[in-house]
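Novice: with the input below, show me the fold.
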Amino acid sequence: MTTPPRMTKAQPRTLLAALLSPRFLLTAWPWRALAHSANTVFVGLAVAVVAMPVYLPWTLVGGMLLRRPWDTLSTGPVAAGFLGGLAMVLVFAPLIALPLGVLERRRLVFITRGPFPSGHRVPEPGLWAWARTRLTEGATWREIAYSVLLVPVALLVCLVLGSLISAAAVFATGPLLAQESRGGQVSLGFVTITSSAEAVPYMLLAPVILVVLLYASAVLAQTHLAIARALLVGPPKDELRAELSQVTESRARLVNAFEYERRRIERDLHDGAQQRLVALSVDLGLARLDLEEGSEADRRVAAAQANADELIDELRELVRGIHPRVLTDRGLPAALEELADRCPVPTRVEAAVPVRLPAHVEGTAYFVVAEALTNVAKHAGAAAVTVRACVLPGTGGSPDTLVVEVADDGAGGAEPGQGSGLTGLTDRVAVMGGTMELSSPQGGPTRIRVELPCGPIPPTPLT
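Specialist: Alright, predicted model coming up:
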């Protein structure tokens, strides 16, 4: 007959939980906290020595301000010292703080459980790209702030632990010190002893001080952990994924609401204002039948009818720009053919889209082609344009992809940052989870290629 295994109490998983537990001294956390605090003293001393040249100009300026009256100081040396210190901080402080941040995140395993992401972005290749990324991200400056705080924190830890260790050592060795004093007096802080017999009772305070030392080191380590988490540790990837998922869902809802609102406005204009204007034009035409041809009233009514017809044409163009009715009724190939007919540059359309696509995909593809053809007509000086559209089947469970290309034989040289609307196209495609490529060397030709997933709006990949 086997006996069931003994049930043991679970060990605290964090230093804070151990501190709040009555079994704190029976766990390994006090010694881990003491080791971390002892390391903090040495690391802080090393940082103070290494960083001394960085803050030396500001130290000299501070000394000048303290030693001499302010009205006798010239602004030149003070300004030069301040600017020199600022330059030293901008150049060398990150070089100290970055490796210190790596070391401190590794030291956190003494007092807590990982992982400890840094919060730094992955820079582009190249030294200048690395420096630009590191100097412009908040994680670097938080690490610099931590390196500044580490020195006073290390001094505080050294003062507290050093005082407690010294007191425990003096009380523990009190009889020996009194014996060696040869009739003299030995001060134990709050009491003075003259013999070894008087020092023996105070030896019992040494273990109490050691217990206080363990608790004090744990409190200091927990405080240090809070500072390190706030300044050195970035958000965990699970939290980033959750936030990214929320942003993606809200983005999808905004896109769908935007498309719905565009269709509502288009429907209201087409079925409301446009029909009323058409009716007005018909009424004006009927009114002319009752007027004498060539009379002043006939000329005014004819002018009003012409203005109404022009307004109808302008309203149709406005409705088509908001959301073309042909795209809703007949799909993307017919809408692209209509764009080609309206383009002043001869345009050929090659569309292989056998099925209707999701509304947000068709709308994005249509407006990308419309903007691209507008750019060709205004800037390219092209003689011919080709628009291609096809659907590539998805692989591995991924949705199908709509590929749209607009190519012209113009002068080329198109760049997204030159106000040609290409930046807006890139943003619009990115919102749908797609990609856009631009090839436009000087002298041409220019080619825009857009790939749009034909499923729900996908999340941005987490790197």
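Novice: helix, strand or coil for the closest residue in space to residue 449 that isn't next to it in sequence?
Specialist: When the adjacent residues along the chain are set aside, residue 449 lies closest to residue 437, with 4.5 Å between them (Cβ to Cβ, 6 or more residues apart in numbering). (Glycine included, C-beta is placed from N, CA and C.) Secondary structure of residue 437, reduced to three states by DSSP: H, G, I helix; E, B strand; the rest coil: strand.
Novice: I'd say residue 437 and residue 429 touch.
Specialist: No. In this structure, residue 437 sits apart from residue 429 without contact. The criterion is Cβ atoms under 8 Å, and the distance is 10.1 Å.
Novice: check contacts around the closest residue to residue 88 other than its chain neighbours.
Specialist: Nearest residue to residue 88, sequence neighbours excluded (Cβ to Cβ, 6+ apart): residue 54, at 4.9 Å. Contact analysis of residue 54 by Cβ atoms under 8 Å, 6 or more residues apart in numbering lists 85, 88-89, 92-93, 96.
Novice: possible to save those residues as CSV with distance to residue 336, pLDDT and secondary structure?
Specialist: Compiled in CSV, these are given as follows (distance: Cβ to Cβ, whole Å; pLDDT from 0 to 100; DSSP: H, G, I helix; E, B strand; the rest coil):
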residue, distance to residue 336, pLDDT, secondary structure
85, 62, 72, helix
88, 60, 78, helix
89, 57, 77, helix
92, 58, 83, helix
93, 56, 84, helix
96, 59, 87, helix
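Novice: which residues does the nearest residue to residue 133 once chain neighbours are set aside contact?
Specialist: Take residue 133 and drop its neighbours on the chain: the residue closest to it by Cβ to Cβ, 6+ apart is residue 123, 3.8 Å away. When the contact criterion is Cβ under 8 Å, 6+ apart, the partners of residue 123 are 129-130, 132-134.
Novice: show me which pair in these is furthest apart.
Specialist: The most widely separated members of those are 129 and 134, with 9.7 Å between them, by Cβ to Cβ.
Novice: higher neighbour count, the two?
Specialist: Regarding residue 129 and residue 134, a neighbour count based on other Cβ atoms under 10 Å identifies residue 134 as having more, with 19 against 11.
Novice: go ahead and confirm that one touches residue 120.
Specialist: Yes. The criterion here is Cβ under 8 Å, and residue 134 meets it with residue 120 at 7.4 Å.
Novice: now do the shared contacts for those two.
Specialist: Taking Cβ under 8 Å, 6+ apart as the contact rule, the neighbours common to residue 134 and residue 120 are residue 140.
Novice: from residue 401, how far out is residue 171?
Specialist: Residue 171 sits 78 Å away from residue 401 when distances are taken as Cβ to Cβ, to the nearest Å.
Novice: again, but for residue 26
Specialist: The span separating residue 26 from residue 401 equals 61 Å under the rule Cβ to Cβ.
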